[in-house]
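S.K.: What follows is a predicted protein model with its sequence.
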Amino acid sequence: MPLIMPPVDDTAKAPSLVGPRLCPLLCRAGRTLDPCLSLLEFHERRKFSVRPSCRSVGPATLPANQEVVVRKDSPMASSSNAKQKRIVEDDEEEDEEQEEIMEELEGFDDFTLASSWERFISEIEAICRAWMVDGHKNLVQKGAEQLGSRTNLYKVKSEIKYSTKFYRIEHYFGVSSNGKAADWDDNLHDLQLSFGVSDFLVVAPVSASGVVLDAPESTKLLSAVAIALTNCGSNWPAFVPVHDPSRRAYIGIQNLGLIFTRRFDADRIASQVPVRLMHLEGLYELFISKFALYPMDFSASFFKVQFAMKLTYRTPPYESDDEIASIDPEDNESTKDTVILNHTKTQWDEDCPWTEWYSAEDPVAAFELLVIWSNKMFEGSLEMAELENASSFDAEKWLLYPIISPKMTNDVPGKFVGFASQLHLLVSALEKSYEAQFLEDFVSVENPASGSSTSSTVPPPTVVDRVLKEIFHDGGSLALKFENKNCRAVKGAPLESLFAQFCLHSLWFGGCNIHAIASLWIEFVREVHWCWDESQPLPNMPKDSSIDLSTCLIHQKLQMLAICIEKKSSHFDKSTENVNQIYDEKVNAATYPSKSVKDKNDCHPRTFLHQDPELSSSSSEKHTNTEEYPNSQTTNLQRKGSAGVVGSMMLLCSSQKMHAPYTQDAPIMTEDMHEERLRAVEASGDAFSFSGQLERDILSSDMSAFKAANPDAVFEDFIRWHSPGDWEDNKMKGSAGELNDWPPRGKLSQRMSEHGNLWRQIWNASPPLPISEQKPLLDPIREGEKILHYLETLKPYQLLEQMVCTAFRASADILNQTSCGDFKPMKTKLDQLYLTIASSLKCFQANHLLEKDELIGDLRRLCLVFEHIEKLLILAASIHRKLIDAPRLSEAVFNDYFAFYLPKMGNSLESICYDQEFKNKQLVMPYERNAVASLFPPPTANQSWRKVLSMGNLLNGHEPILREIIFSINDRIQDSHYATGIPTSSMEEIQTHRMYICGTSNDLWVALSVTSWD
């Protein structure tokens, strides 16, 4: 322990005082000296003092420049000469005496001047006094530095010079609410935890190492700080780093009033830790040896010692990569394939929805479990040995927190690979797409828009073929398990559609650059054209015959093309069937001339649209039932295209049952076709008449089909069936159930009764034709060719804009399928993500109201928001999978990190630097300890023999990665002889000895503090 200089008196204000040996000498010179006058000032005054040129004569004193005239014959002349002679002799004697005094003073030190060490102490004292006057709140307001993630620990610093060296003095402050630092508080500095102090000072040289390598220098430095703090009346402990920086060694001192002094010492053993110190028993004896007054057998002695311990366990990796290398070479041939196959299936996210596109790095690198034993009293080494073999389940407290991968808070491009990173590339491709008019320009070598790196950015044809096979592979049922309620707000293609698959594959094709996208789209259109030419159905397209106008235009076009292909194929099949059937009928008629042949339309009513088989069979039965009514046989021979009887309705003129005809569906139209129709309406100036003209073909087709199914029908019958609201009944009371009340008493509505009514004109002009003989309302050949022309001549920016919308929606739909438990913040953020995407992509529906740069900037901010949600969702999935048996704990852990990450989730392009580290810990309930212990599977045989277990307190066979122990002894002042004369109010319990031990079996750091009575 370095020698510490005794503290000086608080009343000492000026260290530069007159020395005791100097005062008698100055008195001998016949002069008086101010006790605060330094020797230098004394010499200066003597040097510049003026001796008078004459002495006083009588009561008067003459000036120095005035001569005194004395006559020689005067009686005073002889006496004046005698006096002058005596004065000269006195002056010579005085000069000789002063010279003797100066010669004697040359052999003494001048203690009236402050030395450099005293000035160094004075500067430290001034700095400390300024900090004490400001207080903690003012220091924080003046810019005190907050230490990392520690929310209640600040630091101020100042530099001072001593001799030729510069030193930095740092003041750390920040304590808990009760003014005393807790043992295992995460906000504590290492020195606070090691020595149990709150506010403290650290004085270190300004150098590369930052430590004092010279023992005398460290002792002198610590003494200077101790004197300065004593003069200030402060009880801050002061520390000086010593030795090599890797040892983390410190010495320190703290003055506790006028009686007590606490000294600190810390050092580290980085290797070759003695076996005895690997176990609790040896560490206990090490602490006892620090205050035992005589040598003894510590294992047989009993000392009451307070004990606290914290063990830190870290979960092992998901699977050790060394297991494959550790296989016996003799068994390698038989087990190699099996082991490698099993090893490739150990990805943590192997069954997550995004694994089809990329494999995400586990954001939870590991879990750390803190097992804490609070303050307990132990009396011997045997009790410590028993504690070392005790189960971790017996600990008072378990705390769990995840170790999050740094990539979660790192916004550097390329660090995180996922949908967000690829969407960012797609936005860059959109920005590039405005530079050319045709997609072929980006794959043409002659065109400068394609650039010189086309060959390096476009994958080879073999890769293109493989990607096209994956796109056009019919996945069967691609229905979403979980469809978000806000997904339709984004105008893109559904996830299970063909265009959505194209967009998702484009994200990972050739680096998602414009050249690769253009080449893939050209091949994609060729494949679609082949399906049209060969009448092959488009894969992954909905089976219904309606167009979803909430999707993007390309998806609508492909959906309509799929319907046209199906109609085209159906028309071809039916034409072939009709030809074969006519040929068979002719053969049968020639062979069996007596057999009557019915009209094929009666038994197999034809429709250009798809019909339900059950409806067709029921219609056939209904056709058979109509023969029960009078004159039905004659009518049936003329009836065509009937779908069945319409309830109890009958025709007005013939009293026959009314039959519903097969009708053609209204022609399907995509969004651009509707817009074209609206523009035509606006151009005509008469929306009603133009709308009626557009509906004329549909209405005429329905009337023709109705006439064919009901040959005796009149216009009023059609109105009763097609538009019941335009038929007004005039039935009288009491005659509702009478059979002879026929024809029904009613009339057409006023609009249908008007002269020149358009509906009646169409009725009179419509011939009785079933839909099988009508002209189709939708020409599949013409519409299909128009769609192919649209796909082939699509502008680059038009393709990329719709790809951006679809890619964002499809990526969000994939992430929405993730199973992450009942994490409410995550579900809320997913719902908000869809709304944010829809709001950001509305600009594509407004005919480019935004400038290009503004549009690209908004999309890149959207990519950043998407990345935040994607990261959090992957984290939620990882936590949920690992703690699936502890739902409360998993949700609490995620909510803690969500609150930590929330300030970062903005939409700014600037990255938010996070110096803080997530260390929020969650208390593990007793019923959740088994679920947490399952994170530590017992080591395999290959792992066990390679590990050397040195410490103890195993958890499922795993050693703690860090063990922290605090030994302490408290003593009451009144119990010792030092309590004599101490006021009763100051009699309290103080900590006389404290030892903090941190490390493992290969690395041990010990910090000791001892309080003594000086």
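M.R.: Cool, got the structure. Residues are numbered from 1 along each chain as shown.

S.K.: Show me where the stretch 851-1000 of the chain has its helices.
M.R.: Remark: helices assigned in the stretch 851-1000 of the chain by DSSP state H, counting those that start in this stretch are 852-882, 887-901, 929-933, 941-944.

S.K.: hey, least reliable of those helices by pLDDT?
M.R.: Mean pLDDT is lowest for helix 941-944 among the helices of the stretch 851-1000 of the chain, at a mean of 62.

S.K.: Mind checking the helices of the stretch 851-1000 of the chain for the one nearest to F239?
M.R.: Of all the helices of the stretch 851-1000 of the chain, it is helix 887-901 that lies closest to F239, at 31.8 Å by Cβ to Cβ. From N, CA and C alone the C-beta is placed, and that goes for glycine too.

S.K.: so what secondary structure elements neighbour the closest one?
M.R.: strand 397-404, helix 824-840, helix 852-882, strand 922-923 (3 or more Cβ pairs under 8 Å, 6 or more residues apart in numbering; DSSP states H and E).

S.K.: Specify the local secondary structure of the residue nearest to K376 when sequence neighbours are not counted.
M.R.: Ranked by Cβ to Cβ, 6 or more residues apart in numbering and with sequence neighbours excluded, the top spatial neighbour of K376 is F307, at 5.3 Å. State at F307, reduced to three classes by DSSP: H, G, I helix; E, B strand; the rest coil: strand.

S.K.: circling back to that earlier point, got TSV for the helices and strands packed on helix 887-901, with distance to E773 and mean neighbour count too?
M.R.: Converted to TSV, those look like this (distance: least, Cβ to Cβ, whole Å; neighbours: other Cβ atoms under 10 Å):
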stretch	distance to E773	mean neighbour count
strand 397-404	72	20
helix 824-840	47	18
helix 852-882	53	20
strand 922-923	76	16
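
S.K.: Mind putting those into JSON lines with distance to W373?
M.R.: JSON lines is the format used below for the helices and strands packed on helix 887-901 (distance: least, Cβ to Cβ, whole Å):
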{"stretch": "strand 397-404", "distance to W373": "8"}
{"stretch": "helix 824-840", "distance to W373": "34"}
{"stretch": "helix 852-882", "distance to W373": "26"}
{"stretch": "strand 922-923", "distance to W373": "15"}
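
S.K.: sorry, back to before: now the helices of the stretch 851-1000 of the chain as TSV including distance to V156?
M.R.: Listed next are the helices of the stretch 851-1000 of the chain as TSV, based on distance: least, Cβ to Cβ, whole Å:
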stretch	distance to V156
helix 852-882	36
helix 887-901	27
helix 929-933	41
helix 941-944	49
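
S.K.: Which one, of the helices and strands packed on helix 887-901, ends up nearest to C487?
M.R.: The nearest among the helices and strands packed on helix 887-901, by Cβ to Cβ, is helix 824-840 at 5.8 Å.

S.K.: Which residues does stretch 302-311 contact?
M.R.: 183-184, 284, 287-288, 292, 370-380, 384, 387, 392, 395, 953, 960, 962-970 (Cβ atoms under 8 Å, 6 or more residues apart in numbering).

S.K.: quick one: K640 and E716, what's the gap?
M.R.: 21 Å (Cβ to Cβ, to the nearest Å).

S.K.: So for those two, which residue has more residues nearby?
M.R.: Set K640 next to E716 and count neighbours by other Cβ atoms under 10 Å: K640 wins out with 24 against 19.

S.K.: what comes up buried for the longest strand out of those in the chain?
M.R.: Longest strand in the chain, counting residues (DSSP state E): strand 364-378. Residues of strand 364-378 classed as buried: V364, A365, A366, F367, E368, L369, L370, V371, I372, W373, F378 (neighbour count, 16 or more other Cβ atoms under 10 Å).

S.K.: Hmm, the fifth one is touching I404, no?
M.R.: Going back to what we said before, that points to E368. No: judged on Cβ atoms under 8 Å, E368 makes no contact with I404 at a distance of 11.1 Å.

S.K.: quick check: mean pLDDT across stretch 512-531?
M.R.: The model assigns stretch 512-531 a mean pLDDT of 94.

S.K.: For that stretch, buried residues please.
M.R.: 512-521, 523-524, 528, 531.

S.K.: now do stretch 529-548
M.R.: Buried-residue list, stretch 529-548, by 16+ other Cβ under 10 Å: C531, W532, L538, P539, N540, M541, S545, I547, D548.

S.K.: Could you do stretch 264-272 as well?
M.R.: F264, D265, A266, D267, R268.

S.K.: Format the buried residues of strand 364-378 as a markdown table; extra columns: distance to L201.
M.R.: Below are the buried residues of strand 364-378 laid out as a markdown table (distance: Cβ to Cβ, whole Å):
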| residue | distance to L201 |
| --- | --- |
| V364 | 40 |
| A365 | 37 |
| A366 | 37 |
| F367 | 37 |
| E368 | 32 |
| L369 | 36 |
| L370 | 30 |
| V371 | 34 |
| I372 | 30 |
| W373 | 32 |
| F378 | 34 |
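
S.K.: quick one: least confident of those?
M.R.: F378 (83).

S.K.: Look at the residue nearest to that one when sequence neighbours are not counted and report its pLDDT.
M.R.: Closest residue to F378 apart from its sequence neighbours, by Cβ to Cβ, 6+ apart: F307 at 5.1 Å. Here, the pLDDT recorded for F307 equals 91.

S.K.: D9 now?
M.R.: 40.

S.K.: and what of the one 3 residues further on?
M.R.: Confidence at A12, expressed as pLDDT, is 37.

S.K.: next one: D665
M.R.: For D665, the model assigns a pLDDT of 80.

S.K.: So what does it look like in phi/psi?
M.R.: The phi/psi pair for D665 (degrees, to the nearest 10) reads phi -70, psi 160.

S.K.: The stretch 301-450 of the chain: helices as residue ranges?
M.R.: Using DSSP H, counting those that start in this stretch, helices in the stretch 301-450 of the chain cover 322-325, 329-344, 381-388, 419-433.

S.K.: mean confidence for stretch 812-829?
M.R.: Rounded mean pLDDT across stretch 812-829 is 90.

S.K.: List of residues touching it?
M.R.: So stretch 812-829 is in contact with 352-354, 357, 419, 480-484, 487, 490, 494-495, 504, 830, 833-834, 837, 866, 869-870, 872-874, 876-877, 879-880, 884, 887, 890-891, 894-895, 898, going by Cβ under 8 Å, 6+ apart.

S.K.: at 7 Å instead, please
M.R.: Residues outside stretch 812-829 that contact it (Cβ atoms under 7 Å, 6 or more residues apart in numbering) are 352-354, 480-482, 484, 487, 495, 830, 833-834, 837, 869-870, 872-873, 876-877, 880, 887, 890-891, 894-895, 898.

S.K.: and H659, bridged to which residues?
M.R.: V645 (DSSP bridges).

S.K.: How many residues are close by it?
M.R.: Counted with other Cβ under 10 Å, H659 comes out at 27.

S.K.: and it, what does it touch?
M.R.: R639, S642, G644, V645, V646, A709, N710.

S.K.: Name the member of those that has the highest neighbour count.
M.R.: Result: S642 is most packed of these (other Cβ under 10 Å), 28 neighbours.

S.K.: coming back round to it: ok, of the buried residues of strand 364-378, which one's closest to L791?
M.R.: Closest to L791, out of all of the buried residues of strand 364-378 and judged by Cβ to Cβ, is V364, at 45.0 Å.
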